[in-house]
Every structure is written in C-alpha cells, then in structure tokens.
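Q: What follows is a predicted protein model with its sequence.
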Amino acid sequence: MNSDSILTVGSIAIDWLEMPDGTEGEVLGGSATYFVLAASQFAPVHIVGVVGSDFPQEGHDLFKTHAANLDDLQVVEGKTFRWGGRYHENWENRTTLFTELGVFGDFKPTISQGNRSCPLVFLANIQPSLQLDVLSQIESPRLVITDTMNLWIDTALDDLKEVIAKTDILLLNDNEAEMLTGLTDSEGAGRELCRQGPKSVIVKLGSSGALLVEEERTVPVAAYKIEDIVDPTGAGDSFAGGLVGALAAGESLIDSLITGSAIASFSVEGFGPSGLYNSDKDELAQRISCIRNLS
C-alpha cells in the first residue's frame, strides 16, 4: 500500500550531550533529524530546515538516505544550530549548557511548489511564528500535527494559540498541558485544549506512556520499558515520527500511537540518533505487540 507523503519543518542541530553515566560527546541532533529517521520507516518525508556550511557530511548523508525530498533544506554560509545539554541522575530532567542559533536564527522557511501539496504536515518543536509561516504556504493539508514546548508557552503564547487553532493533532507533555490550561489533570487539560481547535490531543507522560484525549474518548497508551537508557534526547521527536509515519501509512490513530511509543523505545537505546538505526521490523513488531498488551 502506498503511503501519503509528510512535510515536516524542524530544527537540525549539532548537539553536545552529557549523560549521568559519564558518556558525553557531539552528535547530530534537532527535532527534524530524529523525526525523519523514525517517520521514513513508514512513509516519504519532505524536509524543511536549514543547516550551516559547517554541517558534517554524516548529516548530509543521513538526510539524503532517509528523506524523500530535500528541495526545502537550505544550506547557508555560517554555523549550524548547536545545543548542549547535561542530564540529571533521573535521566529525564536536564540542564541546557548552551544554545547557539547560528543560521537557524535567521531561518525563513520557503516551501517549494512541489511540497505544498503534501497531505500530512508535522510542525516540530520550533518557534510558533515559523510553524505559522509554513502553514501559510501549504495547500489544504489533510492533517496538521503540531509539537510544542514550555519555552513557546512562556515567550510566544499568542502565536502558539494561533497554531493550536489550526492543528488537528496536538502533542505536548503533561507539564505543558497544565501550563496552557491551568489544569493538573491530564485528561481535563487535554479536553480543554480540544476546545481550542485540535480534534485530538496527545499528552506525553514520559516513561508512563501517553494519553490520547478527544471530545468523546480518552485512551491511555503504555510505554515500552527500557532497562538501560543510553540517551533520552530524541525520544519525543522519535515518538512523533513513528506516530505520523504510521498515520501516513494508513494506520488508525490508536495503532499509530502504539507504533510511535515503540519507535521511541529504540531511540533511547542509542547515543544521539544511533538507536533508531537498530529498529528492525521484527523487533519493532514485537515491541508494538507488547505495548498493545499493556495498553
């Protein structure tokens, strides 16, 4: 069966990571990087983003291999976006060591004519103004899926509310849901957010999985338990990639959520995006089956 194409806009970065077990180093990062590695296992992904002239060949090779279309990946003279983070002992909380926007600071997304008709659009976790810019250039998408974070709730709330109103499926974690609604109950917060535009709200609960909230139903989805976490950095973006990729391949929303949860479990098993290279189909099917039994 043919899959629908996905257009995604997100950050492409060079990350410096420090883990509680002493592992540290520089890796490819950014929301678009993890997303394309996950989603491209199910559907063609068209990338909208920017990198600098210092972006390593390894990164260019990754996108050439896994993205279906690079027409809107800009390569600009200057430095690629860089982010550094140090994880705390619980492997979930982290301290940002530095953020250097580089060429991402002046990024103006331009969607080529051929990419404007992609039926699925994933707005990764970037400035809401950029998300709106991309949406304004897309022709009647069938589904708009949006991710966000606490920074944009604090600094760009009006733009974010405009994005949410144009969104079909909203992804955010439980703390962000509470920030946006003032409600500590994830189900209540999700339902309140549904009234602001989205048909579906997916509240991410970290190692506890996720909660799908819609007007008429609430469905919990379990996480696949990983004993030895190596790096949680890209788990949320990988979850989104598995979810959107499976939707593009024609799976139901519930089945797509389970697929996203399974893909995220591979992501945390490797340093940087390397864990996603190990998500072979047989092991993925086994993890999907396990999550389905737990949910």
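A: Arrived safely, thanks for sending.

Q: name the helices or strands packed onto the lowest-mean-pLDDT helix or strand in the chain?
A: Lowest by mean pLDDT, DSSP states H and E among the helices and strands of the chain is helix 150-155, with a mean of 92. Under the contact definition 3 or more C-beta pairs under 8 Å, 6 or more residues apart in numbering; DSSP states H and E, helix 150-155 sits against helix 157-165, helix 174-181. Every residue, glycine included, has its C-beta placed from N, CA and C.

Q: now the angle from whichever helix or strand comes after the shortest one to helix 174-181?
A: Spelled out, that is helix 174-181. Following helix 174-181 in sequence order, the next helix or strand is helix 186-194 (DSSP states H and E). Going by axes from the mean of the first three to the mean of the last three C-alpha atoms, to 10 degrees, helix 186-194 is angled at 50 degrees with respect to helix 174-181.

Q: buried stuff in helix 186-194?
A: Neighbour-count burial for helix 186-194 flags 186, 188-194 (criterion: 16 or more other C-beta atoms under 10 Å).

Q: and it, what other elements does it pack with?
A: Helix 186-194 packs on helix 174-181, strand 200-204, strand 210-214, going by 3+ C-beta pairs under 8 Å, 6+ apart.

Q: Return it as CSV; C-alpha atoms alone will do.
A: This file holds the C-alpha atoms of helix 186-194, laid out as CSV (Å, rounded to 0.1, in the frame of the first residue of the first chain):
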residue,chain,number,x,y,z
SER,A,186,-4.1,15.5,32.0
GLU,A,187,-7.5,14.3,30.8
GLY,A,188,-9.2,17.6,31.7
ALA,A,189,-6.3,19.6,30.3
GLY,A,190,-6.5,17.7,27.0
ARG,A,191,-10.2,18.1,26.7
GLU,A,192,-9.9,21.9,27.3
LEU,A,193,-7.2,22.0,24.6
CYS,A,194,-9.6,20.1,22.2
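
Q: one step back: most packed of the helices and strands packed on helix 186-194?
A: strand 200-204 (a mean of 26; mean count of other C-beta atoms under 10 Å).

Q: Tabulate the helices and strands packed on helix 150-155 (TSV), appending distance to residue 92 and mean pLDDT.
A: Formatted as TSV, the helices and strands packed on helix 150-155 follow (distance: least, C-beta to C-beta, whole Å; pLDDT from 0 to 100):
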stretch	distance to residue 92	mean pLDDT
helix 157-165	23	97
helix 174-181	11	96
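
Q: what would those look like in TSV with distance to residue 41?
A: As requested, these are exported to TSV (distance: least, C-beta to C-beta, whole Å):
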stretch	distance to residue 41
helix 157-165	27
helix 174-181	27
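
Q: Nearest to residue 150, out of these?
A: Residue 150 lies closest, by C-beta to C-beta, to one member of those: helix 174-181, at 5.5 Å.

Q: name the helices or strands packed onto that closest one?
A: Judged by 3+ C-beta pairs under 8 Å, 6+ apart, helix 174-181 is in contact with helix 150-155, helix 186-194, strand 200-204.
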